[in-house]
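Asker: Show me the folded form of this:
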Amino acid sequence: MKKIFNQNIDLKKIFKKRRQPRHGILALLIVFVAILSGVAGAVFTNLYWEDHIFDLLENQRAPIIRKNTTIVEEKYLPQTTEEEKTIQTVKQVSPSVVSIIISKDVPILEKYYIDPLGSDFFGDLQIPKYREKGTEKKEIGSGTGFIISKDGMILTNKHVISEEDAEYIVLLNSGEKYPAKILARDPFYDLAIIQIDQSDVADEEKKSFFSVKLGDSSKLQIGQTVIAIGNALGEFQNTVSVGVVSGLGRNIVATGAGTAESLEGIIQTDAAINPGNSGGPLLNLAGEVIGINVARSTSGENIGFSLPINMAKRDIEQVKKEGKIVYPFLGIYYTHITEEISKANDLLVESGAWVGRDGQGQETEIAVVPDSPAEAVGIKRDDIILEFDNKKITEKDSLAKMILQYSPGDKILLKVLRGEQEFSYEITLTERED
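Answerer: Model (predicted):
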């Protein structure tokens, strides 16, 4: 304390320094006003962005995180136009793709044992045998189909609903189940039409179903992107696979369930078609059905086949109008002549329909069907039909394909080679029975 009072203190300087802070207060006031203005501007800007910019970002499918909320809204942004169309197509069509469950009463087998010699000579030797002990309903198969009308008409493969005395249940993508009844089986192609059964439902309570749009399979191009949807392995409902059209106009022999069927003009695709996918739709990127998945190659990789949708349009219209599927009938068994068959059998021509012969040139059990149009005009075994209604028969333009362009009751002209002579016959096609 003593040292402080001994110092020379200039009081005038002290009071002069105390008057200087008036400039500092003004500076602080300016800073305060600037900060307040900034806060006000931030609040206004935040409200503007919240109402306008977030909406803009949402329209661009960008991930949005909103303040003052625990919900995070995310929208997937497709990487390409093709990917976007694929996603849209699957969303659009999936509600119309159904699983078809097949159930049937099967016998319950009881196991028991017998002594083969009727004695105890061999000690505990017993032979097992089985006997029926009533029946039980079991699921014996499944497939896929798709709804083609609002009242529940469904297109599928014939082999999916080939089981006699079976019960068919339609399982929608929503999980709803409905009984189904068979309307018609195509006698030529692997196609069938069934109907969701709402006969026990009052008219005002009957449900209207989402139906697909049918495309034009004649406009398909090799390399075109396609989408397959189906009940894969009978277990994974509405499984999606994507591929391209690998080939057009394929002719195959499809086998399964102890049967074999020749299919002509088929679409080949590398989109995976697994067991259980049969009857499901093959789609283009416009969401239109352009094929019905029917078979796959067991010896190759990514080789699947679909029936062109144009083949089914005729069936659909006939069932809607007449309640059945009808085809014209000629009444012969034949094979198409190829260059190899012609050379191996010393034939005079390299194309045509060889009556009463199979693909190896061997005689078929029946050549001409009794009471058929062919028998009526005198067609015989080993005749070669060269033209059908003035159109030349070739391996590409087959006799079967030509017949399908006509209706029962149509009159056509056949040009036939018998030995070395040509004959012409006018023939009236009849209705083919299943």
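Asker: quick one: low-confidence parts of this structure?
Answerer: Applying pLDDT under 70 to the chain picks out residues 1-34, 36-79, 112, 115-125, 234, 254-261, 433-434.
Asker: for it, what spans make up the helices?
Answerer: For the chain, the helices defined by DSSP state H cover 2-6, 11-18, 22-48, 54-59, 81-93, 309-322, 339-344, 373-377, 399-403.
Asker: Now tell me what touches the last one from outside.
Answerer: For helix 399-403, the external contacting residues (C-beta atoms under 8 Å, 6 or more residues apart in numbering) are 188, 264-265, 327-328, 330, 334, 336, 353, 385, 388-389, 391, 393, 429. Every C-beta, even on glycine, is put in place using the N, C-alpha and C of the backbone.
Asker: which parts of that helix are buried?
Answerer: L399, M402, I403 (16 or more other C-beta atoms under 10 Å).
Asker: show me the contacts for the spatially most central residue of the chain.
Answerer: Geometric centre of the chain, nearest residue: P281, 2.2 Å, by C-alpha atoms, centre = their mean. By C-beta under 8 Å, 6+ apart, the contact list for P281 reads V93, V97, F146, V212, A228, I229, V289, G291, I292, N293.
Asker: pretty sure the last one contacts N231?
Answerer: So that's N293. No: between N293 and N231 there is no contact, the gap being 10.7 Å when judged by C-beta atoms under 8 Å.
Asker: Pull up the overlap in contacts between the two.
Answerer: T144, N277, G280.
Asker: Number of residues surrounding the residue nearest to the second one when sequence neighbours are not counted?
Answerer: So that's N277. Of all residues not flanking N277 in the chain, G230 sits nearest, at 3.2 Å (C-beta to C-beta, 6 or more residues apart in numbering). Neighbourhood size, G230 [other C-beta atoms under 10 Å]: 30.
Asker: Report the beta-bridge partners for G230.
Answerer: T239 (DSSP bridges).
Asker: Need the shared contacts of N293 and N231 in a markdown table (columns: neighbour count and distance to K85).
Answerer: Formatted as a markdown table, the shared contacts of N293 and N231 follow (neighbours: other C-beta atoms under 10 Å; distance: C-beta to C-beta, whole Å):
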| residue | neighbour count | distance to K85 |
| --- | --- | --- |
| T144 | 29 | 22 |
| N277 | 30 | 21 |
| G280 | 33 | 19 |
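Asker: Which members of the residues you listed occur in strands, if any?
Answerer: Members of the shared contacts of N293 and N231 lying in strands (criterion: DSSP state E): T144.
Asker: Among the shared contacts of N293 and N231, find me the one that's closest to I35.
Answerer: G280 (66.8 Å; C-beta to C-beta).
Asker: For the closest residue to the closest one other than its chain neighbours, give its distance to E132.
Answerer: When the adjacent residues along the chain are set aside, G280 lies closest to G230, with 3.2 Å between them (C-beta to C-beta, 6+ apart). Using C-beta to C-beta, to the nearest Å, G230 is found at 35 Å from E132.
Asker: Report the buried members of the contacts of helix 399-403.
Answerer: Of the contacts of helix 399-403, these count as buried by 16+ other C-beta under 10 Å: 188, 264-265, 327-328, 330, 334, 336, 353, 385, 388, 393, 429.
Asker: Serialize the residues you listed to TSV and add fields for distance to I169.
Answerer: Below are these laid out as TSV (distance: C-beta to C-beta, whole Å):
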residue	distance to I169
F188	27
E264	33
G265	32
Y327	29
P328	35
L330	39
Y334	40
H336	41
A353	42
I385	45
F388	43
I393	44
L429	38
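Asker: Out of those residues, name the ones that lie in strands.
Answerer: Short answer: the buried ones among the contacts of helix 399-403 in strands (DSSP E) are E264, G265, Y327, P328, Y334, H336, A353, I385, F388.
Asker: I figured the fifth one hits A353, correct?
Answerer: Right, the one you point to is Y334. Yes: Y334 lies in contact with A353 (C-beta under 8 Å); the separation is 4.4 Å.
Asker: which among the contacts of P281 gets closest to K111?
Answerer: Of the contacts of P281, the one sitting nearest to K111 (C-beta to C-beta) turns out to be N293, at 40.0 Å.
Asker: wait, what's in contact with the closest one?
Answerer: 144, 228, 230, 273, 277-282, 304-306.
Asker: Now A232: closest residue in space that isn't a chain neighbour?
Answerer: T239 (3.8 Å).
Asker: Show me what the residue nearest to the centre of the chain is bridged to.
Answerer: Beta-bridge partners, per DSSP bridges, of P281: I292.
Asker: That one and Q195, how far apart?
Answerer: 18 Å.
Asker: okay, and the common contacts of Y334 and A353?
Answerer: With C-beta under 8 Å, 6+ apart as the test, Y334 and A353 both reach I385, L399.
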